[in-house]
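Engineer: Got a sequence here, can you build the structure:
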Amino acid sequence: LKHSTSGAWAGEEVTAFSTTIPNDNLFLKEFNNPGNIAHWRLSISTYASTSVPYMAIALWGEKTVMTGGNSFDGYIQGSFDPYGQTRHSNVNLTSNGYMAGIHNKYTERAFSMSFLNASTATYTKVKTWWENHGLKNFVVAWDSTGHSTDIFLMRPADSGFVNPINVNKYRDITINLTGRKE
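Structural biologist: Residues are numbered from 1 along each chain as shown. Predicted structure coming up:
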C-alpha cells in the first residue's frame with residue numbers, strides 16, 4: 001500500500017506497508033495515524049500462483065472503537081457470540097420424509113453487540129457510525145489483537161436504529177450484524 005502527496009506517482013510515493021497475504025480470506029491492516037493523505041494506491045507486485053491475482057472487495061476507512069468513558073463500555077456483555085451462523089440450504093425430502101439431498105447455497109454469520117448503560121460518548125460514536133455508514137458493508141474485528149483472524153465483512157441486519165434510554169438515564173445499545181461467511 002503506497003501513498004503520495006501529489007498523486008503524480010512519479011517516484012515521490014511512500015510505501016505505507018508491504019506484506020505477503022497468506023490466503024484468499026479477508027485481510028485487515030490498521031493504521032494508528034496515517035495523516036491527511038488524499039492519494040493511496042494498492043500495488044500487487046509479485047505472486048506465486050499461476051493464476052492472475054484479483055481482489056473482489058477493497059475497503060479503506062476510519063476505525064471506530066466502541067468505548068466511551070463508562071466502566072461498562074467496550075466489554076463483551078450478555079450473550080455475545082462472534083461465531084453464530086446460519087446455513088442457507090435447499091433440503092430435498094422424499095415423500096416419506098427422508099432426506100434425499102442438500103444443496104448448500106451459503107453460510108451467513110450473525111452476531112449482536114450490546115452495550116448496556118452506555119455513556120453519551122459511546123452512543124455518539126454508534127449514532128455517528130449509523131448515520132455515516134447505515135446499511136453498507138464494513139469490516140468487523142471484534143478483538144483485532146487477541147483474535148486477529150476473526151475479521152468479518154458484515155452489515156447491519158436490520159434498518160432500524162433504536163437505542164432507548166433506560167431507568168439509569170443511560171442508553172442500552174444493541175447492534176445486530178450479519179454477513180456472508182468466508
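Engineer: Touching, residue 150 and residue 82? I think so.
Structural biologist: Yes - counting by CB atoms under 8 Å, residue 150 does reach residue 82; the two are 6.0 Å apart. Just so you know, the C-beta spots here come from the backbone N, C-alpha and C atoms, and that holds for glycine as well.
Engineer: Between the two, which contacts overlap?
Structural biologist: Shared contacts of residue 150 and residue 82 (CB atoms under 8 Å, 6 or more residues apart in numbering): residue 142.
Engineer: Okay, now the unreliable bits of this protein?
Structural biologist: Counting by pLDDT under 70, the chain has low-confidence residues at 45-50, 66-79.
Engineer: at 50 instead, please
Structural biologist: 68-73 (pLDDT under 50).
Engineer: all helices of it, in order?
Structural biologist: 120-133 (DSSP state H).
Engineer: Could you pick out the longest strand of it?
Structural biologist: As assigned by DSSP state E, the longest strand anywhere in the chain is strand 99-118.
Engineer: okay, that one in PDB with CA atoms only?
Structural biologist: The C-alpha trace of strand 99-118 is given here as PDB (Å, rounded to 0.1, in the frame of the first residue of the first chain):
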ATOM      1  CA  MET A  99     -33.600 -36.600   3.300                       C
ATOM      2  CA  ALA A 100     -32.800 -37.100  -0.300                       C
ATOM      3  CA  GLY A 101     -30.200 -34.300  -0.800                       C
ATOM      4  CA  ILE A 102     -29.000 -31.000   0.300                       C
ATOM      5  CA  HIS A 103     -27.800 -28.000  -1.800                       C
ATOM      6  CA  ASN A 104     -25.800 -25.600   0.400                       C
ATOM      7  CA  LYS A 105     -26.100 -22.100  -1.000                       C
ATOM      8  CA  TYR A 106     -24.100 -20.100   1.500                       C
ATOM      9  CA  THR A 107     -23.500 -19.600   5.200                       C
ATOM     10  CA  GLU A 108     -24.300 -16.300   6.900                       C
ATOM     11  CA  ARG A 109     -22.700 -15.000  10.100                       C
ATOM     12  CA  ALA A 110     -24.800 -13.200  12.600                       C
ATOM     13  CA  PHE A 111     -24.000 -11.600  15.900                       C
ATOM     14  CA  SER A 112     -25.200  -8.900  18.200                       C
ATOM     15  CA  MET A 113     -23.300  -6.500  20.200                       C
ATOM     16  CA  SER A 114     -24.900  -5.000  23.300                       C
ATOM     17  CA  PHE A 115     -23.700  -2.000  25.300                       C
ATOM     18  CA  LEU A 116     -25.800  -1.700  28.400                       C
ATOM     19  CA  ASN A 117     -25.800   1.500  30.400                       C
ATOM     20  CA  ALA A 118     -23.700   3.100  27.600                       C
END
